[in-house]
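1. Build me a model:
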Amino acid sequence: MDYRTALVTGASKGIGAAIVESLVAEGLTVYALARNRDALLELQQRLGSRVRPLVADVRDVGAIAGALGTAEIDVLVNNAGGLATVRPLHEQSAEETAEVVALNLTAPLQLIRLLLPGMVARKRGHIFNLTSTAASGVFPGTTAYGAAKAGLSQAGRILRFDLAGTGVRLTEIAPGRVETDFYLKAFDGDREGLRKRMYSEQRPLRPADIAAVLVSALRLPEHVDIAELVVAPSEQAAGGQTYPPAPRR
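-> Numbers count the residues shown, from 1 in each chain. Down below sits the predicted model:
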């Protein structure tokens, strides 16, 4: 492939680390972005010099731009995100709601805005937005998260119109349930409770599964763009209805 460099956000663990590993195996130099310096250095030690640790908050686009300098990024993987709580919107704090939108919608859009001019000028590039089945399905307690991911999904559809004919591709990958630490904060750090609740009964996806799908889309001929992919466990199907009793007055 013609791609030489990538920027992967949320790269220190889980899906992000698996994507970094897969892209390095494809011969790309990967700028691995996360806040955890030690985890990034461990990733570099394991995978080699093609991993370039970039310690920053994904919301700080100025710091990221400064750290990248003149690097030409061919592949942007908007993987970083967050879900502080799983409870109804009216039970969240204003700060929790704002954080979810900033991490899952504003930050990816800012990085796309930052890197697209170079991709368009070189007539070469591929953007991957990792959203969620929560962008189209209904999962209780995820109002802000689902709205942010749905916003990123729609942004991708509009961008594909804007980018048609530029040589820049855009792919949305919407994973279902993946076994990672993503929900750990929402479970108050209770790792065993998270495992029992989310991953013990049905077989979840693994981070490597998402990385394999991403690389498959990246390898396709340049005239082929997989616009949207939903990747779910065999035992998961989003949807359903609820019929609670009427409130008593």
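2. which is the next helix or strand following the helix or strand of the chain with the lowest mean pLDDT?
-> Least confident helix or strand of the chain, by mean pLDDT, DSSP states H and E, is helix 191-194 with a mean of 66. Toward the C-terminus, helix 191-194 is succeeded by helix 207-219 as the next helix or strand (DSSP states H and E).
3. Which positions within the helix or strand following that following helix qualify as buried?
-> With elements assigned by DSSP H and E, the helix or strand that comes after helix 207-219 is strand 228-231. For strand 228-231, a neighbour-count test (16 or more other Cβ atoms under 10 Å) marks 228-231 as buried. Just so you know, the C-beta spots here come from the backbone N, C-alpha and C atoms, and that holds for glycine as well.
4. Now render these as CSV, adding distance to V20 and pLDDT.
-> Converted to CSV, the buried residues of strand 228-231 look like this (distance: Cβ to Cβ, whole Å; pLDDT from 0 to 100):
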residue, distance to V20, pLDDT
E228, 23, 97
L229, 19, 96
V230, 23, 95
V231, 18, 93
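5. Which residue, other than its chain neighbours, is closest to K123?
-> Excluding its sequence neighbours, the residue lying closest to K123 (Cβ to Cβ, 6 or more residues apart in numbering) is G167, at 3.7 Å.
6. show me the contacts for P53.
-> 32, 37, 40-41, 43-44 (Cβ atoms under 8 Å, 6 or more residues apart in numbering).
7. do you know how far the nearest residue to L220 once chain neighbours are set aside is from S216?
-> Excluding its sequence neighbours, the residue lying closest to L220 (Cβ to Cβ, 6+ apart) is I226, at 6.9 Å. According to Cβ to Cβ, to the nearest Å, I226 and S216 sit 8 Å apart.
8. More neighbours: which of these two?
-> Higher neighbour count among I226 and S216: I226, with 16 against 12, using other Cβ atoms under 10 Å.
9. my guess is that one contacts A217, does it?
-> Yes: I226 lies in contact with A217 (Cβ atoms under 8 Å); the separation is 4.6 Å.
10. Now for the residue nearest to K123: which residues touch it?
-> 119-120, 122-125, 222.
11. so where's the longest helix in this structure?
-> Longest helix in the chain, counting residues (DSSP state H): helix 143-163.
12. Tell me the buried residues in it?
-> Going by 16+ other Cβ under 10 Å, helix 143-163 has these buried residues: 143-153, 155-156, 159-160, 163.
13. Now find how far off-centre it is within its chain.
-> Between the centre of helix 143-163 and the centre of its chain there are 12 Å (Cα atoms, centre = their mean, to the nearest Å).
14. Stretch 237-249 too?
-> Worked out by Cα atoms, centre = their mean, stretch 237-249 lies 31 Å from the chain centre.
15. Mind listing the shared neighbours of I226 and A217?
-> T171.
16. Kindly list the main-chain dihedrals of I127?
-> I127 has phi and psi values of phi -100, psi 130 when expressed as degrees, to the nearest 10.
17. What about it, how many residues nearby?
-> I127: 24 neighbours (other Cβ under 10 Å).
18. And the helices in the chain?
-> 14-25, 37-47, 61-68, 94-101, 107-122, 143-163, 191-194, 207-219.
19. and A164, what is it in contact with?
-> Contacts of A164 by Cβ under 8 Å, 6+ apart: none found.
20. Spatially central, which residue of the protein would that be?
-> N79 (2.2 Å; Cα atoms, centre = their mean).
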